[in-house]
Structure formats: structure tokens, C-alpha cells
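**Student:** predicted model follows, preceded by the sequence.
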Amino acid sequence: MTQAVDIIQPTDADHMRYMQAALREAKKAADCGDVPVGAVVVREGRIIGRGHNLREQRQDAVLHAEIVAIRQASRKLRSWRLDNCTLYVTLEPCLMCSGAILQSRISQLIFGATDAKAGACCSVVRSFDLPLHHTVNWQQGVMADECSRILRDFFKNKRISKKQLGTRGQRKTAALDKYQQRIQLASKTEPQKRD
């Protein structure tokens, strides 16, 4: 049996506070070398799920910030149904994350920066306009400048680092040499089999 929950309407100050929490998550992703996207799930004025991109760190394509935050919120509520929850995310969700938002029954999505390459709310695809079983109310542009800046700075620093490492061919050669060294080292440290 489900209980009716009074939905607390957040103020602009609340939106800013929760987006700042998502930006702190994005900073964690950047510190680990992942694209700086952060997300928080809020219910009844409390953050119940936090996440940041972990794709590079864990080498798992589905570990976007939204997925991590949704999973944590579901564990907290002991339910996959996150109705009456709001997801705050620093970047417009991709198609995969939009699907997860729909499937988890999140009521509201607030995001900062739009994503001209993969955004699935309003930039590339309008996934929430499809005639599906659930409707998500969404709003864009909350702290958009700050959300865009962290992404811009991350990719600018990444380009500078790559230039310092040489051309693409030089980086590829260096990576292959490093890989060969690891293989050689591993073969030397493996115990020799005796016949």
C-alpha cells in the first residue's frame, strides 16, 4: 500500500543548493579523470542519492552520474520507484539516462547545461515528449554557467595535457610501449611452471 506524500515545492534557493551539491559531485568526477558530471536525487527536501561519472575510473559504460545517483536513492528507499523525487544533474541527460529516469518514475528533472552532442531532453532528442507510461517534468538552465564552466575547463585542461604528451601518433606509440612493458614485467613475475 502506498502513502500519499505532500510534495514540497522547492524555491529557487533550493534549486541552487541542490545544483551546488551536484557540482560538488561533478568535481569528484573531474578529480578522478572522468567527465565532470554530477547528480543528486532529492525527496522531501533531503538528498537521498548522489553520483558522479565513474565510467573511466571503473571502465563501465553505464556508470553515468544519473545512474549512480538513481541506484543509491533506490537502495535508500528500498524501492526502484522514485516517484515524488527530483533529480538534479549538471548536464542534460543522455538517452540511456533519460530511459533510467523514466523507468525509475522520477517526477522532476532539473539540469544545468545542455548537451548539444548527446542531450536527450531538448538538444538532440526529446525523450520526455514520447507517449510513454510516465511523464517527467523538467527544467533546464539552473546554474548553467557554472555547470558549463566545469566541463569547459576539464576539456581545456585535457587538450593541454594531450599536447604536452605530443602528437596523436606519439601518444599512441607511448601507450603501446607502456603496454608492452607491462606484459614483459608480468611475464617475468609469473611463477615458472615445472614439468
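**Tutor:** Right, received. Where do you want to start?
**Student:** can you show me the CA trace of the helix or strand bottoming out on mean pLDDT in the chain as PDB?
**Tutor:** For the chain, using mean pLDDT, DSSP states H and E, the weakest element among its helices and strands is helix 168-189, scoring a mean of 78. The C-alpha coordinates for helix 168-189 follow below in PDB (Å, rounded to 0.1, in the frame of the first residue of the first chain):
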ATOM      1  CA  ARG A 168      48.400  11.600 -31.500                       C
ATOM      2  CA  GLY A 169      50.900   9.200 -33.100                       C
ATOM      3  CA  GLN A 170      53.400   9.800 -30.400                       C
ATOM      4  CA  ARG A 171      50.800   9.300 -27.700                       C
ATOM      5  CA  LYS A 172      49.700   6.000 -29.300                       C
ATOM      6  CA  THR A 173      53.300   4.800 -29.600                       C
ATOM      7  CA  ALA A 174      54.000   5.700 -26.000                       C
ATOM      8  CA  ALA A 175      50.800   3.900 -24.800                       C
ATOM      9  CA  LEU A 176      51.800   0.800 -26.800                       C
ATOM     10  CA  ASP A 177      55.300   0.800 -25.400                       C
ATOM     11  CA  LYS A 178      53.900   1.100 -21.900                       C
ATOM     12  CA  TYR A 179      51.600  -1.800 -22.600                       C
ATOM     13  CA  GLN A 180      54.500  -3.900 -23.900                       C
ATOM     14  CA  GLN A 181      56.500  -3.100 -20.800                       C
ATOM     15  CA  ARG A 182      53.600  -4.200 -18.500                       C
ATOM     16  CA  ILE A 183      53.300  -7.500 -20.400                       C
ATOM     17  CA  GLN A 184      57.000  -8.200 -20.100                       C
ATOM     18  CA  LEU A 185      57.000  -7.300 -16.500                       C
ATOM     19  CA  ALA A 186      54.000  -9.600 -15.900                       C
ATOM     20  CA  SER A 187      55.700 -12.500 -17.700                       C
ATOM     21  CA  LYS A 188      58.900 -12.100 -15.600                       C
ATOM     22  CA  THR A 189      57.000 -12.100 -12.300                       C
END
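**Student:** quick one, helices of the protein?
**Tutor:** Counting by DSSP state H, one finds helices in the chain at the ranges 12-31, 55-58, 65-77, 95-103, 144-164, 168-189.
**Student:** out of these, which is closest to Asp129?
**Tutor:** helix 95-103 (10.8 Å; Cβ to Cβ). Placement of C-beta: from N, CA and C, glycine included.
**Student:** and the closest one, what does it pack onto?
**Tutor:** Helix 95-103 makes packing contacts with helix 65-77 when contacts are defined by 3 or more Cβ pairs under 8 Å, 6 or more residues apart in numbering; DSSP states H and E.
**Student:** distance between the ends of stretch 41-61?
**Tutor:** End-to-end distance for stretch 41-61: 21 Å, by Cα to Cα, to the nearest Å.
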